[in-house]
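Asks: predicted model, plus sequence, below.
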Amino acid sequence: MGTRECGRFTSYSESGPGDGGRTGSWRVVRPVINLDLCIPAKKKKKACFMCWLYCPDGVITREIPPVIDYEYCKGCGICAEECPAGAIEMVDETGDAREEGK
Ligand code: SF4
Ligand code: SF4
């Protein structure tokens, strides 16, 4: 975890991929970006990136188009909640496991 000292008494941390281990194994739903709706993908310019800003694990790139690192995405759904274009769908990943459990 990144920490930085500011003056004598204050410090803070920044999230980053892998800080919580391979958190992709926690996931039961996967965020999928619809590039037809994603603003930077549609406009072909750097804009929006609210998903990048709000992802608590820092696993979305700030590039065109944004890319999610599924090794570390834990499926929290914050990116989908914050996307102003409704471009991120949370897709169930438990279908196969449910079938096997029958
Ligand atoms: S928040 Fe939505 S529209 Fe904005 S860059 Fe991310 S996926 Fe694209
Ligand atoms: S669901 Fe979205 S906000 Fe949550 S960890 Fe995955 S990419 Fe980040």
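Replies: Ah, there it is. Ligands and ions are numbered 1, 2, ... in the order given.
Asks: and the helices in the chain?
Replies: Using DSSP state H, the helices of the chain run over 39-43, 50-54, 78-82, 95-101.
Asks: using CSV, lay out those helices together with distance to residue 66, mean neighbour count and mean pLDDT.
Replies: Just so you know, the C-beta spots here come from the backbone N, C-alpha and C atoms, and that holds for glycine as well. Putting the helices of the chain into CSV (distance: least, CB to CB, whole Å; neighbours: other CB atoms under 10 Å; pLDDT from 0 to 100) gives the following:
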stretch, distance to residue 66, mean neighbour count, mean pLDDT
helix 39-43, 7, 17, 97
helix 50-54, 6, 18, 97
helix 78-82, 9, 17, 98
helix 95-101, 25, 8, 57
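Asks: kindly reformat the ones you listed as CSV containing distance to residue 63.
Replies: Formatted as CSV, the helices of the chain follow (distance: least, CB to CB, whole Å):
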stretch, distance to residue 63
helix 39-43, 8
helix 50-54, 9
helix 78-82, 15
helix 95-101, 30
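Asks: of the ones you listed, which is nearest residue 32?
Replies: helix 78-82 (9.2 Å; CB to CB).
Asks: what's in contact with the closest one?
Replies: Here helix 78-82 makes contact (CB atoms under 8 Å, 6 or more residues apart in numbering) with 31, 50, 51, 53, 54, 55, 56, 60, 68, 88, 89, 90.
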